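Chemist: Sequence and computational prediction follow.
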Amino acid sequence: MAQLRFDLLIRDCTLVDVARRQVREHQDIAVQGQDLAAIGRTGEVGMARRVVEGSGRLALPGLVNCHAHLAMGIFRATSELRPLQRWLAWVLALEAYCEPEDLYWSALLSLCQMLRGGVTTVADMYSPESVVAGAVERAGIRGFLSESVSLGDMGRRGSVEAQMARAEELARRWNGAAGGRISTGIAPHSVYACDEELLRELATLAHRLDVGMHVHVAETQLEVDQCLARLGRRPPRVLADCGVFQGPAVAAHSVHLDEDDIALYAELGVGVAHNPGSNLKLRSGLAPVPALRRAGVHVGLGTDGAGSNDRLDLWRDCYLAAVLHDWGDEEACAWPVLEMATVGGAAALGLGDRVGRLEPGFRADLALIDATELEPATEPALALVYAARGDEVSTVIIDGEVVMDDGRLLMLDEEEIRRQCRLRAARLFARGATA
């Protein structure tokens, strides 16, 4: 009898190797513990204790959602098109009525939607983020989680001292938790919500705790204009001068950048989270993604929160990233967009040595997609970027654990999560508080 060599084997799938821009049919993928152990022709890899049939399925690295606010799950489809500042005024007033339990169940609702879409890693910022961390641990997903810190009336966040204490507690309690699935950072909300003194203090704290940073940057032209008027410099330069970009950092949105900003990102190794769906709904503009990539900046994709991107389906953001930008007449964009959703997103978050690739030694984070839903799918990269939807994902594996099997989430009770969120949304929106 053949020896069982591996914990899990995905048998006879079509492998979409995004990092190499290759598609290989009739492949077996072996998993041992948390890691990908071997990949090869069907029948040549070995045996395993558990086998997942991959026939008729595309296997690709799990998607990386580079920017989200998971606790906004119950704000889905509750706002119309609004410019960012008007939208923020509405959502901050609404958040003031949210209790920690509301945020917890709301985060679980967001995670259900993301897992169903094949997301295996999510970068989140919120306050209090410890509530979100509990939901991430329960869901089995990988998370880069950052406590948001700001001045002024930005919801129920408390004093700056209290916010910084929560940020430090998050790092001490959750960095490396859930078997290493959770890493933490610190999130100065933005240049317009933090002064330079606070930005420096947060950069110092991140350096002391040895964690990364996650910040909204140049999301609107108004933000840039006000920053120039107030500080005489553009937002990326202010953040760099205050030390925010001295270590690993991801700059969410980065819509209104000039050539000097892009060069600064490339010089300092700043990652970018591109959020085309949210930017469209909040009328923020279109980020210079092709120029960023040409400069060597690591660019990933994000959904943002459900209040400004109601589907939380990263495949829709893949489509938008492909069709909205001027990629050049001769340049194909399907593979670059898939890179942004996987290997590029992992690199933008500083996780490129662990996730984002289907290679032995990397974490076993992957998604299987029913290829019959994309037929004829003669070019899988094109089919995925232009035609795929989250509901075509059949199986999701994170850290070697099957967290969704044939469309059924194994770690979460979706019915109870939806019930809880219905009750809590009814209370929050009893005033008819839609934007």
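Modeler: Yes, it's here. Numbers count the residues shown, from 1 in each chain.

Chemist: Pull out the buried residues from the helix ranked longest in the chain.
Modeler: The longest helix of the chain (DSSP state H) is helix 100-116. For helix 100-116, the buried set under the neighbour-count rule, 16 or more other C-beta atoms under 10 Å, comprises 102-116. To be clear about C-beta, it is placed using only N, CA and C from the backbone, and glycine gets the same treatment.

Chemist: center of the protein - which residue?
Modeler: Centre of the chain computed as the mean C-alpha position; nearest residue by C-alpha atoms, centre = their mean is Asn65, 1.9 Å away.

Chemist: three-state assignment of Ile186?
Modeler: Assigned by DSSP: H, G, I helix; E, B strand; the rest coil, the conformation of Ile186 is strand.

Chemist: Poorly predicted segments of this protein, please.
Modeler: In the predicted model of the chain, residues 1-3, 81, 153-156, 329-331, 431-435 satisfy pLDDT under 70.

Chemist: the longest strand in it is where?
Modeler: Assignment by DSSP state E gives strand 4-17 as the longest strand of the chain.

Chemist: List the buried residues of it.
Modeler: Within strand 4-17, the residues that count as buried by 16+ other C-beta under 10 Å are 6-17.

Chemist: Show me which of those is closest to Ala193.
Modeler: Nearest to Ala193 out of those is Val16 (C-beta to C-beta; 39.4 Å).

Chemist: so what's that closest one bridging to?
Modeler: Per DSSP bridges, residues listed as beta-bridge partners of Val16: Val23.

Chemist: Please verify my assumption that it contacts Leu384.
Modeler: Yes. With contacts defined as C-beta atoms under 8 Å, Val16 counts as touching Leu384 at a distance of 7.1 Å.

Chemist: who touches both of the two?
Modeler: Common contacts of Val16 and Leu384, defined by C-beta atoms under 8 Å, 6 or more residues apart in numbering, comprise 58, 60, 338.

Chemist: Contacts only, for the second one.
Modeler: The neighbourhood of Leu60, defined by C-beta under 8 Å, 6+ apart, consists of 15-16, 18, 118, 338, 342, 358, 366-367, 369, 384.

Chemist: Could you identify which of those residues has the most neighbours?
Modeler: The residue in those with the most neighbours, by other C-beta atoms under 10 Å, is Thr342 (30 neighbours).

Chemist: which non-adjacent residue is nearest that one?
Modeler: On the basis of C-beta to C-beta, 6 or more residues apart in numbering, the spatially nearest residue to Thr342 that is not a chain neighbour turns out to be Pro61, at 4.2 Å.

Chemist: Share the number of residues neighbouring the one you found, please.
Modeler: For Pro61, the count of nearby residues is 30 (other C-beta under 10 Å).

Chemist: Help me confirm that it comes into contact with Leu358.
Modeler: Yes. With contact defined as C-beta under 8 Å, Pro61 counts as touching Leu358 (5.4 Å).

Chemist: Spell out which residues are contacts of both of the two.
Modeler: 18-19, 366.

Chemist: picking that back up, which member of the shared contacts of Val16 and Leu384 is positioned nearest Ala37?
Modeler: Leu60 (17.9 Å).

Chemist: Check the gap between the closest one and Val31 for me.
Modeler: Here Leu60 is placed at a distance of 15 Å from Val31 (C-beta to C-beta, to the nearest Å).

Chemist: now do Ala287
Modeler: Using C-beta to C-beta, we find Ala287 at a distance of 36 Å from Val31.

Chemist: Asn175 contacts Thr184, doesn't it?
Modeler: Yes. Using C-beta under 8 Å, Asn175 is in contact with Thr184, at 4.3 Å.

Chemist: neighbour-wise, which of those two wins?
Modeler: When neighbours are counted by other C-beta under 10 Å, Thr184 comes out ahead of the other of Asn175 and Thr184, with 28 against 17.

Chemist: residue contacts, the more buried one?
Modeler: Taking C-beta under 8 Å, 6+ apart as the definition of contact, the neighbours of Thr184 are 144-147, 170-171, 174-175, 211.

Chemist: beta partners of it?
Modeler: Beta bridges link Thr184 to Leu145, judged by DSSP bridges.

Chemist: Would you mind splitting this protein into its domains for me?
Modeler: 4-61+357-409, 63-348 (automatic domain parsing).

Chemist: and stretch 371-386, how far apart are its ends?
Modeler: Length of stretch 371-386, first residue to last, C-alpha to C-alpha, to the nearest Å: 14 Å.

Chemist: my bad, stretch 89-102
Modeler: Across its full length, stretch 89-102 reaches 20 Å between end residues, using C-alpha to C-alpha.

Chemist: Strands along the stretch 101-250 of the chain, start to end?
Modeler: Per DSSP state E, counting those that start in this stretch, the stretch 101-250 of the chain has strands spanning 119-126, 142-149, 182-188, 212-217, 249-253. These are given in chain order.

Chemist: Output those strands in a markdown table; the columns should cover distance to Leu292.
Modeler: Compiled in a markdown table, those are given as follows (distance: least, C-beta to C-beta, whole Å):
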| stretch | distance to Leu292 |
| --- | --- |
| strand 119-126 | 17 |
| strand 142-149 | 20 |
| strand 182-188 | 21 |
| strand 212-217 | 12 |
| strand 249-253 | 10 |
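
Chemist: who wins for proximity to Asp317 among those strands?
Modeler: Across those, the minimum distance to Asp317, taken as C-beta to C-beta, is reached by strand 119-126, at 10.9 Å.

Chemist: helices or strands up against the closest one?
Modeler: Packed against strand 119-126 by the contact rule (3 or more C-beta pairs under 8 Å, 6 or more residues apart in numbering; DSSP states H and E) you find strand 63-68, helix 100-116, helix 129-139, strand 142-149, strand 393-398.

Chemist: So which of those is nearest Leu409?
Modeler: Across the helices and strands packed on strand 119-126 (criterion: C-beta to C-beta), the nearest stretch is helix 100-116, sitting at 6.1 Å.

Chemist: got the contact list for the residue nearest to the centre of the chain?
Modeler: The neighbourhood of Asn65, defined by C-beta under 8 Å, 6+ apart, consists of 114, 119, 121-123, 301-303, 314, 345.

Chemist: run the last query once more with 7 Å
Modeler: The contact partners of Asn65, by C-beta atoms under 7 Å, 6 or more residues apart in numbering, come to 114, 119, 121-123, 302-303, 314.

Chemist: repeat for Ser183
Modeler: In this structure, Ser183 makes contact with 144, 175, judged by C-beta under 7 Å, 6+ apart.

Chemist: try it again with 10 Å
Modeler: With C-beta atoms under 10 Å, 6 or more residues apart in numbering as the criterion, the residues that contact Ser183 are 121, 123, 142-146, 171, 174-177, 211-212, 248, 349-351, 354.

Chemist: Could you check the domains of the chain and tell me which one is nearest Gln420?
Modeler: With distances scored as C-beta to C-beta, the stretch of those nearest to Gln420 is domain 63-348 (4.2 Å).
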